[in-house]
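K.L.:
turn this into a model:
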Amino acid sequence: MTTRTRADLDSIPAYVPGKNFPGAIKLASNETTPSPLPGVQEAIAAAVITANRYPDNGSTALIDALAQHLGVPREHIATGCGSVSLCQELVQATCHDGDEVVFAWRSFEAYPVVTRVAGAVPVQVPLTANYGHDLDAMVAAITERTRLVFVCNPNNPTGRSLGRDELERFLDAVPDRVVVALDEAYFEYNRSDADGITLLEGRPNVVVLRTFSKAYGLAGIRVGYAVADPALITALGKVHIPFSVSALAQTAAIASLEARDELLHRTDGVIAERERMRDSLIAAGYDVPQSAANFVYLPLEDRSAAFGMASAEAGVLVRPYGEDGVRITVGDPHENDAFLTFATDAETVAVAGVRRTA
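P.N.:
Next up is the predicted model:
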């Protein structure tokens, strides 16, 4: 007997993580270079003792800590196995087969995957000429079948950020029946006035997603959270995979919140390095959009794959995106220097097809 699976699985793209191999400098996955703080490591180690027990499925202590940190009632908060799991739960909670999910493209690689896994239809709206969200076009793309809109802010992989006024106008233009997910995975690196949680009041169709994977340095433990109207939080709970937020993840997240001032101080160094990298690349002739995240983006179009391969051969792993561009995570200064040495070399500049400035 032949094993039978869904006939449409062949058409669903698999999520492709950043590459890794021993000895290479990895600037492909937007990870935080420093390890968790010693106090966070100690909390994780202590939690291992109770690994024989199931975690609290309601993440009670973590939600209490988040409610205090964010200044919102606890019934407005849900947790997930990273914010990407919450993205999938949102699609499952809002969409039937054939319903539509609107998002910018290019944006987070998981959006079309989680949309199609749920049987929904992805509607990809091209970015603007400066690699940001075309909010007017996204509103125009909403139809009677639209159930969910993702807005990645700052946008991954281009780094562009939307301001508060832009978001307010957009949210007011979206029909109340459509859920809007403000995906703020890189919120802690963004120095604009955009804070999705301050936009929730009076907008029960809006949900904010954040993660501990980036600025808090817990990418390997997997924990994120959603903030929204209690009705949306209840809906997420109905499609949540039981016990998917481990006890280690909950403990690590609570310890990270307690150490947040020290952890978030690290973001200032990342931002300084991000601007140094951008300035150096621009001086070498590259087009580099302004970024509000922990990475920079090179819109190299059909030269992206060749650039990524050449960088890997030079010992630095970056993330090419088809024929759109290449994303480079901001690492430690010596790692960034290694990339810049490669990227500004005359042969690399020729591969990238850019023109050196005088």
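
K.L.:
list the buried residues in stretch 243-254.
P.N.:
By neighbour count on 16 or more other CB atoms under 10 Å, the buried set for stretch 243-254 is S244, V245, S246, A247, L248, A249, Q250, T251, A252, A253, I254. Where you see a C-beta, it was placed from the backbone N, CA and C, and this is true even at glycine.

K.L.:
apologies, that question was intended for stretch 283-299.
P.N.:
Neighbour-count burial for stretch 283-299 flags 284, 286, 288-299 (criterion: 16+ other CB under 10 Å).

K.L.:
now the helix or strand encompassing V101: buried residues?
P.N.:
Here V101, judged by DSSP states H and E, is contained in strand 100-105. Going by neighbour count (16+ other CB under 10 Å), the buried part of strand 100-105 is E100, V101, V102, F103, A104.

K.L.:
can I get these in TSV including pLDDT and distance to A259?
P.N.:
Formatted as TSV, the buried residues of strand 100-105 follow (pLDDT from 0 to 100; distance: CB to CB, whole Å):
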residue	pLDDT	distance to A259
E100	98	41
V101	98	36
V102	98	37
F103	98	33
A104	98	34
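
K.L.:
which of those sits closest to T341?
P.N.:
Distances from T341 to these, taken as CB to CB, are shortest for A104 (32.9 Å).

K.L.:
now for the closest one: which residues touch it?
P.N.:
Q124, V125, P126, L127, H133, D134, M138, F150, V151, C152, N155 (CB atoms under 8 Å, 6 or more residues apart in numbering).

K.L.:
likewise G39?
P.N.:
By CB under 8 Å, 6+ apart, the contact list for G39 reads A255, E258, A259.

K.L.:
can you name the next helix or strand after the helix or strand where it lies?
P.N.:
Per DSSP H and E, G39 falls inside helix 38-47. Following helix 38-47 in sequence order, the next helix or strand is helix 60-70 (DSSP H and E).

K.L.:
which helices and strands sit right next to that following helix?
P.N.:
With contacts taken as 3 or more CB pairs under 8 Å, 6 or more residues apart in numbering; DSSP states H and E, helix 60-70 sits against strand 77-80, strand 224-228, helix 247-258.

K.L.:
picking that back up, now, which of the contacts of A104 lie within strands?
P.N.:
In strands, defined here by DSSP state E, the members of the contacts of A104 are Q124, V125, P126, F150, V151, C152.

K.L.:
dump these to a markdown table, plus neighbour count, pLDDT and distance to L200.
P.N.:
Shown next, in a markdown table, are the ones in strands among the contacts of A104 (neighbours: other CB atoms under 10 Å; pLDDT from 0 to 100; distance: CB to CB, whole Å):
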| residue | neighbour count | pLDDT | distance to L200 |
| --- | --- | --- | --- |
| Q124 | 16 | 98 | 26 |
| V125 | 21 | 98 | 23 |
| P126 | 10 | 98 | 28 |
| F150 | 26 | 98 | 16 |
| V151 | 24 | 98 | 14 |
| C152 | 26 | 98 | 18 |
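
K.L.:
adding distance to G224, write these out as CSV.
P.N.:
Below are the ones in strands among the contacts of A104 laid out as CSV (distance: CB to CB, whole Å):
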residue, distance to G224
Q124, 23
V125, 24
P126, 27
F150, 14
V151, 16
C152, 14
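
K.L.:
ok, so of those residues, who is nearest T32?
P.N.:
Nearest to T32 among the ones in strands among the contacts of A104, counting by CB to CB, is C152 at 18.6 Å.

K.L.:
gap between that closest one and G39?
P.N.:
Using CB to CB, to the nearest Å, C152 is found at 31 Å from G39.

K.L.:
try T198
P.N.:
In this view, T198 and G39 are 30 Å apart by CB to CB.

K.L.:
same thing with L200?
P.N.:
31 Å.

K.L.:
again with F339
P.N.:
31 Å.

K.L.:
now P175
P.N.:
46 Å.

K.L.:
then G315?
P.N.:
Counting by CB to CB, the gap from G315 to G39 is 34 Å.

K.L.:
need phi/psi at Y297.
P.N.:
Per-residue torsions, Y297: phi -130, psi 130 (degrees, to the nearest 10).
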